[in-house]
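**Q** next come a sequence and a model predicted from it.
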Amino acid sequence: MKRYFLPIWIAIICISFTGCEKNALDKDPLDKLSSGQFWQSKQDFDMGLIAIYGELQNAMFSFGAPNWDVLTDNGYGQHNYWRNKAIAQGDISPSTGGYISDLYSSSYKSIARINIFLGHLNNIEGDEIDAATRSKYEAETLFMRGFYYFQLYSNYGSVPIVTEALGLENQVQPKAPAAEVLAQSLADLDTAIANLSSELYADGGGHVVKTSAQALKLRVLLYAAYGDTGTANAGIMTQARDLALEIMGAGYELSPNFEDVFRDATQEGNPEIIFSIKFLAPDNSTRMDQWYGDWVVISPLQNLVDAFEPSDSRLEKTIYTNEVNFNGNIHSPSNNMPTTYGLKKFLSPDLMPYGYSTQSQQDWVLLRYADVLLMYAEAQNELVGPDQSVYNVLNDIRGRVGMPGITTGLTKDSMREVIRNERRIELAFEGLRYYDLKRWRIAEEVLNNISDGALIYTFEERFYNWPLPLEEIDKSHGILEQNPDYN
C-alpha cells in the first residue's frame, strides 16, 4: 500500500493575491481564501507544500518524461507531443512552442509558487510552526526550486533568477548569466542537504530526504562538469565523486529485480528509489499505460535495440515487439507501430487491456541508486581511470540482470564508452539520454548520424542552449534578452 504524508496528494488551493476596493468590495470572497486568511496555520502550510509537490506531476517532468528520449537516438514519437518532431528535426526557434515554451513557463510557475510559500513562511509569527518544522519546509521547497533551476540552466543557460514573490512593479526580470543560474540551483540544493532528514527515502513517507537532494546535486554536478568543451573538469568531478560515495554509504541497494523499480506494487519501500513523483488512482492517475502500451507514443529505434548485448534481459523488460506480453497475458496496441517496437519498461501487467479507462498509478522514479552508481563510475573513471571500484559498480548493475562482468584491462577511453552505453541501456527512456548527449557535447555527432529513424534528426551547436520563448521576450518590453544565435 502506498504511504503519503497526507491522505491524498492533490490540494486545490484558491488564494487571491489581489487588492480589493473599500466598502462593498472590501470583503473576503466567499468562494476563495485571501492570502491574509490562508497562511495562518501549520495545516495551511502543509497544504501549500502538497501543492508544490503536485507541480512535479506535470507530465513533462513525470510520466511523460520518456518522451524526452524521442529527441535522441533512442526513439521516435509519432504523436508529436511537446512538438518533439520539430525539435528532433532541428526546427528550434523562439516560436517553436512545445518543450521550448512549456518547460520555461512550467518551471517559473512552480518557482513562483515556491517563492510565495517561502515568503509567507518567513513572515508567519507565533508558535504555530516551530523552528525544526520551518527548516524542514524550507529545505523541501528549496529541493524543488533547485530542480527547476537545473531544468532552466540545462536547457536555456542564461535565464532570470527569481528568489522572492514578485509584484506588478517587478514581475519582469532580466537574465542572469548561466553560471549564476547553476550556482542558484546548487545553493538551493545545499540548503536542502543541510536541513533534510537523514533517513532513507523509503522511510520518509513521500517527502524528499537528504539523499534525494544529494542525488539531484550529483546530477547537476555531472551536467556542469563538461562545460562547453565536453572535457570533464577535475574539480567538479571530484566533488561529484565524493558526493556519490556519500550516497553509496547511506544504505541504498539495487532492487533485486530491475522491473520492480517501475511497478506500482513493488515501489513502496523499494531500496533503490531515492526520490519519486507520487501518483494514486483515481484522483491522481496518469495515462502511462495507455500512452506507451496502447497508443505507442514512443517507438524505440533499432539502433537502441542493437545496443543491448544478446544476453541482456533488460531488453525484454524495456521494449516490446509488436505486442505487450507479460507471461502470456497479451495486449495488442490500437495504434500503429512505426518501428515494430514499443516501450514496456513502465507498463503495469495487471491493468491490461490498456485503453481510455485505464488509471495508472505507478510513481515516476526521478532518482534511483543505479543512476548514482553509474555517475560514480563516470566521475571516478574521468578522475583516475578504470580502477577496481569502477568495475565493481558496473558489475553490480549488470549482475542484477544476470549479465557477465565487464572485460578487465580497459583503458580510460574504452571504459568511458562502456559506461556511456551502460547508462543508455540501464536508464533508457527515463528522460536522461538527451541531457547526457548534451553534457558530453556529442549531440551533433550522435543525432546527425541516426539512420533508422522515421525522420531526419538534426542538431546544431547552438541547440545546446534553447532560445527563450518568443512570448516571454515580447511581454518583457525589452528587459528580457534573447539567447545568442536566435535573434
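**A** Ah, there it is. Numbering: from 1, shown residues only.

**Q** next, the buried residues of stretch 85-100.
**A** Neighbour-count burial for stretch 85-100, counted by 16 or more other C-beta atoms under 10 Å, picks out K85, A86, I87, A88, I92, P94, T96, G97, G98, Y99, I100. All C-beta atoms are positioned from the backbone trio N, CA, C, and that covers glycine.

**Q** export that stretch as PDB, just CAs?
**A** Output in PDB follows, covering the C-alpha atoms of stretch 85-100 (Å, rounded to 0.1, in the frame of the first residue of the first chain):
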ATOM      1  CA  LYS A  85       9.200  16.000 -34.200                       C
ATOM      2  CA  ALA A  86      10.000  19.600 -35.000                       C
ATOM      3  CA  ILE A  87      12.700  19.800 -32.200                       C
ATOM      4  CA  ALA A  88      14.200  16.500 -33.300                       C
ATOM      5  CA  GLN A  89      14.500  17.700 -36.900                       C
ATOM      6  CA  GLY A  90      16.200  21.000 -35.800                       C
ATOM      7  CA  ASP A  91      13.200  23.300 -36.100                       C
ATOM      8  CA  ILE A  92      14.200  25.100 -32.900                       C
ATOM      9  CA  SER A  93      13.300  28.800 -32.700                       C
ATOM     10  CA  PRO A  94      11.700  31.200 -30.200                       C
ATOM     11  CA  SER A  95       8.300  30.400 -31.700                       C
ATOM     12  CA  THR A  96       8.600  26.600 -31.900                       C
ATOM     13  CA  GLY A  97       6.500  26.100 -28.800                       C
ATOM     14  CA  GLY A  98       6.200  22.600 -27.200                       C
ATOM     15  CA  TYR A  99       9.200  21.900 -25.000                       C
ATOM     16  CA  ILE A 100      10.800  25.200 -25.800                       C
END
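
**Q** and the nearest residue to S451 once chain neighbours are set aside, what helix or strand is that in?
**A** In this structure, S451 finds its nearest non-sequential neighbour in N303, 7.7 Å apart by C-beta to C-beta, 6 or more residues apart in numbering. Element membership for N303, per DSSP states H and E: helix 302-307.

**Q** show the average pLDDT along that helix.
**A** Mean pLDDT, helix 302-307: 98.

**Q** hmm, I319 is touching V305, no?
**A** Yes - under the criterion of C-beta atoms under 8 Å, I319 makes contact with V305 at 6.4 Å.

**Q** what sits in contact with each of the two?
**A** Common neighbours of I319 and V305 (criterion: C-beta atoms under 8 Å, 6 or more residues apart in numbering): Y341.

**Q** buried residues of the helix holding N303, list them for me.
**A** Within helix 302-307, the residues scored as buried using 16+ other C-beta under 10 Å are L304, V305, A307.

**Q** isn't the last one right up against E422?
**A** It refers to A307. No - at 10.0 Å, A307 and E422 do not qualify as touching, with contact defined as C-beta under 8 Å.

**Q** tell me the helices in the stretch 151-300 of the chain, going along the chain?
**A** In the stretch 151-300 of the chain, the helices defined using DSSP state H, counting those that start in this stretch lie at 178-195, 210-224, 234-248, 288-289.

**Q** among the ones you listed, which is the most enclosed?
**A** helix 288-289 (a mean of 28; mean count of other C-beta atoms under 10 Å).

**Q** how much distance is there from that one to the middle of the chain?
**A** Remark: helix 288-289 is offset 17 Å from the chain centroid, using C-alpha atoms, centre = their mean, to the nearest Å.

**Q** which residues in the stretch 201-350 of the chain form strands?
**A** For the stretch 201-350 of the chain, the strands defined by DSSP state E, counting those that start in this stretch cover 273-277, 299-300, 319-321, 324-326, 329-331, 341-343.

**Q** in JSON lines: those strands, plus distance to V261.
**A** Putting the strands of the stretch 201-350 of the chain into JSON lines (distance: least, C-beta to C-beta, whole Å) gives the following:
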{"stretch": "strand 273-277", "distance to V261": "6"}
{"stretch": "strand 299-300", "distance to V261": "19"}
{"stretch": "strand 319-321", "distance to V261": "16"}
{"stretch": "strand 324-326", "distance to V261": "16"}
{"stretch": "strand 329-331", "distance to V261": "21"}
{"stretch": "strand 341-343", "distance to V261": "15"}
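
**Q** make JSON lines from those strands and add mean neighbour count to it.
**A** Putting the strands of the stretch 201-350 of the chain into JSON lines (neighbours: other C-beta atoms under 10 Å) gives the following:
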{"stretch": "strand 273-277", "mean neighbour count": "24"}
{"stretch": "strand 299-300", "mean neighbour count": "24"}
{"stretch": "strand 319-321", "mean neighbour count": "21"}
{"stretch": "strand 324-326", "mean neighbour count": "18"}
{"stretch": "strand 329-331", "mean neighbour count": "15"}
{"stretch": "strand 341-343", "mean neighbour count": "25"}
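
**Q** and these: which comes nearest T358?
**A** Comparison of the strands of the stretch 201-350 of the chain against T358 by C-beta to C-beta identifies strand 329-331 as nearest, at 10.2 Å.

**Q** quick one: mean pLDDT for that closest one?
**A** In the prediction, strand 329-331 has an average pLDDT of 98.

**Q** contact partners of the helix holding N303?
**A** Contacts for helix 302-307 (C-beta under 8 Å, 6+ apart): 73-75, 315, 319, 339, 341, 421, 424-425, 428, 450-452.

**Q** dump it to CSV, restricted to CA.
**A** Extracted in CSV, the C-alpha atoms of helix 302-307 (Å, rounded to 0.1, in the frame of the first residue of the first chain):
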residue,chain,number,x,y,z
GLN,A,302,16.6,-0.4,-33.9
ASN,A,303,19.9,1.1,-33.0
LEU,A,304,18.9,1.2,-29.4
VAL,A,305,17.8,-2.5,-29.6
ASP,A,306,21.2,-3.3,-31.1
ALA,A,307,23.0,-1.6,-28.2
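
**Q** other SSEs contacting whichever helix or strand M375 is part of?
**A** Here M375, judged by DSSP H and E, is contained in helix 369-384. In terms of contacts (3 or more C-beta pairs under 8 Å, 6 or more residues apart in numbering; DSSP states H and E), helix 369-384 is packed against helix 210-224, helix 234-248, strand 273-277, helix 388-400, helix 412-426.

**Q** let's see 6 Å
**A** Secondary-structure packing of helix 369-384 (3 or more C-beta pairs under 6 Å, 6 or more residues apart in numbering; DSSP states H and E): helix 210-224, helix 234-248, helix 388-400, helix 412-426.
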